[in-house]
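Build the 3D model from these lines:
(chains A, B, C and D)
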There are 2 protein chains.
Amino acid sequence: MRATIYDVAREAGVSIATVSHVINGKGKISRERREEILDIMKRLNYRPNAIASALAGKRTFTLGLLVPDISNPFFAEIARSVEDQGHQLGYSVIICSTDNQEEKVKRYVNLLRQKQVDGVIIGTGISHGELLKPLQEHSLAIALIARDNPALDASSVRVHDLEGGRLAAEHLLHLGHRRLAVLAENERVTSSSDRVRGFVEAAASHGLVLPPGCIAACDHKIEDGYRRAKAMLELAVRPTALFCCNDLLAIGALRAARELGLRVPEECSVVSFDDTILASVTDPPLTVIAQPIEQMGRMAVDLVVRGLSGKGDPARRIVLPPELIVRQSTALPPA
Amino acid sequence: MRATIYDVAREAGVSIATVSHVINGKGKISRERREEILDIMKRLNYRPNAIASALAGKRTFTLGLLVPDISNPFFAEIARSVEDQGHQLGYSVIICSTDNQEEKVKRYVNLLRQKQVDGVIIGTGISHGELLKPLQEHSLAIALIARDNPALDASSVRVHDLEGGRLAAEHLLHLGHRRLAVLAENERVTSSSDRVRGFVEAAASHGLVLPPGCIAACDHKIEDGYRRAKAMLELAVRPTALFCCNDLLAIGALRAARELGLRVPEECSVVSFDDTILASVTDPPLTVIAQPIEQMGRMAVDLVVRGLSGKGDPARRIVLPPELIVRQSTALPPA
DNA sequence: CTGAAAGCGCTTACAG
DNA sequence: CTGAAAGCGCTTACAG
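Residues are numbered from 1 along each chain as shown, chains lettered A, B, ... in the order given. Down below sits the predicted model:
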């Protein structure tokens, strides 16, 4: 059997209260006693039982991470960052892939509640405002990552999507592109629609109006990006540049161009969004509006952990600047 | 405050033992009583506290997943599969990215022990036999995934690496390649060295001896694959085909070929191993020896969970067949 | 079929 | 500076 607090107390000839105090660095314990107890703990290879500790009133030091799909590189990278910062602060993280399905969100939320996690970081679809309410009601600390939900009084950290869309447009505009098209996500995804809006606004400010047919709403997968891009590139007057709202869609676009025999970037430029590992692995490597993934993960953890000690601090909404990374998928439009 | 078992007991006019029984489907409770109690639980939105339940002797229904890096697509895909099967069986999973660093492994192992997880699935480097011993001593169920460690009496599920190497060689040999080279991982990684061995053996059985200079040990990253592939492809008599022990290395090889102006597959064939999302996203898409990632994740969970109920069943070592997926990175050698 | 009671391994006022 | 005691929310023999 594993050693318990009783074992070390007996061994040291003190009460378990005293042992508990040295574990938690509380109360005043004489120097020698403390060191003696520390020694005994080491000798017995004693580790406080986190379950018991949590039940007795301390935190569980566990966080939940809700994402659509951990195998999606974007969320895998988010997860890594969340994990690292969590670990740094003493928290472990439970992964919850929801596939953006209401049913799964519900199940996971219940589970996290039962497991008494201290907080949850939410990177999953946001149509679930209702489902998240229960979390807040039970005064669970929550933070949204890579998205925001005005209806929720919750902290969040995300990239400035509007600005990102603008950056993409300006890059293409400066290269001289005039026939632009957009591969967007589902329009209910606000981060995507913000990107599109930024893109459209920037184009407008250069006197360019994007006809609605130039904006395709796609599912979040390569195949759909491929399909929609292909349709656009087969048009009589085809766009010379495509703005894709995430790396998966951009890969689909690349594939469509290749299949149609269009060289990228010579005959068709592509700007992506996110900058996961995928963006640097394609041929050509993707020019992309990068999200500060690592930083967002770190800050999201800080937000929920801060919310924990929180004397009810108001929600903080952090918006980080996007960055244009020029690689090789963009160039001057064909003459 | 959240409702407790006392609240529903009081409300129902029964003892908490009875409530506990209906929660766990134990003992005989009269039909009406059960339903009444169920109703009350629903009305109070009662969820048993998993922490208390675990302390009182039940499982924590939590699994640890040790991997080198969750942001590596291979492990992200493993994680997804583990998560799904775990969730199916009522378990949540805590992610632990160790970067194959002994220090981090140690910290995570201690953490998992303190959190009293029921089992841990290990996909991380295996030089850590020593570090894993403590897990077993505390009779934690463990299962290795995508690797095995003969020194450990533990269940495992992996692909038949030797056979995979063989498949790769035979594919290239049948195409007519004779000048072969290999991008391997660190030779201490047994899965990689098995792949290389299979490859070399198959070549030998076709009367081909690979000179040692044709096998490069690489770090597990794109840059290193790139560097080593480049060196090989710059040789006076360069290989006409490269076998890469994982997708990251293959991507590096693709990049090197591109930079040297060598067309893949016309001038240089590339066979990869793993078949993560990366393999289907490159240009050209990679011919690859696929690991049954989804299946391995599922079986690993089954192995640890079975080990839990286990009346000390002996360790099971499952070896799954690899599959050759021919995409567009391989062709006949240049004339 | 149901309940009283002990116990899981801790923490935390409180008293001294 | 240290300890006795109550309590966290459950489960599980055991008794009836």
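
how about low-confidence regions in the stretch 101-250 of chain A?
Within the stretch 101-250 of chain A, the segments meeting pLDDT under 70 span A:126-132, A:134-139.

Which helix or strand contains the one residue in it that gets nearest to DNA strand C?
Residue of the stretch 101-250 of chain A nearest DNA strand C, by C-beta to the nearest atom of the strand: residue A:116 (12.7 Å). Backbone N, C-alpha and C define where each C-beta goes, glycine included. Counting by DSSP states H and E, there is no helix or strand that carries residue A:116.

all strands of the stretch 151-300 of chain A, in order?
A:155-159, A:180-185, A:215-218, A:241-244, A:269-274, A:287-290 (DSSP state E, counting those that start in this stretch).

Dump these into CSV; add distance to residue A:207 and mean neighbour count as well.
Conversion of the strands of the stretch 151-300 of chain A to CSV gives the following (distance: least, C-beta to C-beta, whole Å; neighbours: other C-beta atoms under 10 Å in any protein chain shown):
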stretch, distance to residue A:207, mean neighbour count
strand A:155-159, 27, 25
strand A:180-185, 13, 26
strand A:215-218, 18, 21
strand A:241-244, 16, 32
strand A:269-274, 19, 29
strand A:287-290, 22, 26
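
Using TSV, lay out those together with distance to DNA strand C.
Formatted as TSV, the strands of the stretch 151-300 of chain A follow (distance: least, C-beta to the nearest atom of the strand, whole Å):
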stretch	distance to DNA strand C
strand A:155-159	25
strand A:180-185	45
strand A:215-218	50
strand A:241-244	50
strand A:269-274	42
strand A:287-290	42
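
Which of those strands sits closest to residue A:103?
With C-beta to C-beta, the closest approach to residue A:103 among these belongs to strand A:180-185: 21.3 Å.

What lies in contact with stretch A:195-202?
A:161-170, A:173, A:180, A:182, A:184, A:210, A:215, A:243, A:245, A:273, A:289 (C-beta atoms under 8 Å, 6 or more residues apart in numbering or on different chains).

With just CA atoms, put it into PDB.
Taking C-alpha atoms only, stretch A:195-202 is exported to PDB below (Å, rounded to 0.1, in the frame of the first residue of the first chain):
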ATOM      1  CA  ARG A 195     -11.900  37.700 -41.000                       C
ATOM      2  CA  VAL A 196     -14.100  37.900 -44.100                       C
ATOM      3  CA  ARG A 197     -15.400  41.300 -43.000                       C
ATOM      4  CA  GLY A 198     -12.000  42.700 -42.500                       C
ATOM      5  CA  PHE A 199     -11.000  41.400 -45.800                       C
ATOM      6  CA  VAL A 200     -14.000  42.800 -47.600                       C
ATOM      7  CA  GLU A 201     -13.700  46.200 -45.800                       C
ATOM      8  CA  ALA A 202     -10.000  46.500 -46.800                       C
END
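
Quick check: buried residues in that stretch?
Buried positions in stretch A:195-202, judged by neighbour count with 16 or more other C-beta atoms under 10 Å in any protein chain shown: A:195, A:196, A:197, A:198, A:199, A:200, A:202.

and residue A:65, which of the three is it?
Secondary structure, DSSP: H, G, I helix; E, B strand; the rest coil: residue A:65 is strand.

List the residues that contact it.
Residue A:65 neighbours (C-beta under 8 Å, 6+ apart): A:78, A:79, A:82, A:93, A:94, A:95, A:96, A:120, A:121, A:123.

please redo it, this time with the cut-off set to 6 Å
If a contact means C-beta atoms under 6 Å, 6 or more residues apart in numbering or on different chains, then residue A:65 has A:82, A:93, A:95, A:121 as its contacts.

next one: residue A:50
B:114, B:115.

And for residue A:95?
A:65, A:70, B:83, B:95.

sorry, back to before: ok, which of the strands of the stretch 151-300 of chain A comes nearest chain B?
Chain B lies closest to strand A:269-274 among the strands of the stretch 151-300 of chain A, at 12.2 Å (C-beta to the nearest C-beta).

re earlier: with the contacts of residue A:65 in mind, which one is nearest to residue A:45?
residue A:93 (25.9 Å).

Next, give phi and psi for that closest one.
phi -130, psi 130 (degrees, to the nearest 10).

neighbours around it, how many?
For residue A:93, the tally of surrounding residues (other C-beta atoms under 10 Å in any protein chain shown) stands at 26.

what residues does stretch A:216-233 touch?
The contact list for stretch A:216-233 (C-beta under 6 Å, 6+ apart) reads A:181, A:183-187, A:248-249, A:251-253, A:255-256, A:260.

Widest-spaced pair of those?
Once C-beta to C-beta is applied, the contacts of stretch A:216-233 give A:187 and A:260 as the farthest pair, at 26.5 Å.

circling back: which of the buried residues of stretch A:195-202 are close to DNA strand D?
Residues of the buried residues of stretch A:195-202 in contact with DNA strand D (C-beta under 7 Å from any atom of the strand): none.

do stretch A:26-34 and DNA strand D meet?
Yes: residues of stretch A:26-34 contacting DNA strand D under C-beta under 7 Å from any atom of the strand: A:27, A:28, A:29, A:30, A:33.

Among these, which has the minimum pLDDT value?
pLDDT across these is at its lowest for residue A:27, which sits at 67.

Tell me how far stretch A:246-266 lies from the chain's centre.
Distance, stretch centre to chain centre, for stretch A:246-266: 26 Å (C-alpha atoms, centre = their mean, to the nearest Å).

Tell me which residues of that stretch come out buried.
Under 16+ other C-beta under 10 Å, the buried positions of stretch A:246-266 are A:246-257, A:262, A:264-265.

residues contacting residue A:260?
Here residue A:260 is in contact with residue A:233 (C-beta under 6 Å, 6+ apart).

And the strand or helix carrying residue A:84, what does it pack against?
Element membership for residue A:84, per DSSP H and E: helix A:73-88. Helices and strands touching helix A:73-88, by 3 or more C-beta pairs under 6 Å, 6 or more residues apart in numbering or on different chains; DSSP states H and E, are strand A:62-67, strand A:92-97, helix A:293-309, strand B:92-97.

From the rest of the structure, what touches that helix?
A:63, A:65, A:67, A:70, A:93, A:121, A:123, A:274, A:276-278, A:293-294, A:297-298, A:301, B:70-71, B:76, B:95, B:97.

repeat for stretch A:282-302
A:77-78, A:81-82, A:85-86, A:121, A:143, A:145, A:157, A:159, A:164, A:167-168, A:250, A:254, A:264, A:271-275, A:279, A:318, A:320, A:322-330, B:283.

just to revisit the earlier point, for the residues of stretch A:26-34 next to DNA strand D, give me JSON lines that also has secondary structure and neighbour count.
Compiled in JSON lines, the residues of stretch A:26-34 next to DNA strand D are given as follows (DSSP: H, G, I helix; E, B strand; the rest coil; neighbours: other C-beta atoms under 10 Å in any protein chain shown):
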{"residue": "A:27", "secondary structure": "coil", "neighbour count": "10"}
{"residue": "A:28", "secondary structure": "coil", "neighbour count": "6"}
{"residue": "A:29", "secondary structure": "coil", "neighbour count": "17"}
{"residue": "A:30", "secondary structure": "coil", "neighbour count": "8"}
{"residue": "A:33", "secondary structure": "helix", "neighbour count": "15"}
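
Tabulate the residues you listed (TSV), appending distance to residue B:49.
Converted to TSV, the residues of stretch A:26-34 next to DNA strand D look like this (distance: C-beta to C-beta, whole Å):
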residue	distance to residue B:49
A:27	28
A:28	33
A:29	32
A:30	37
A:33	35
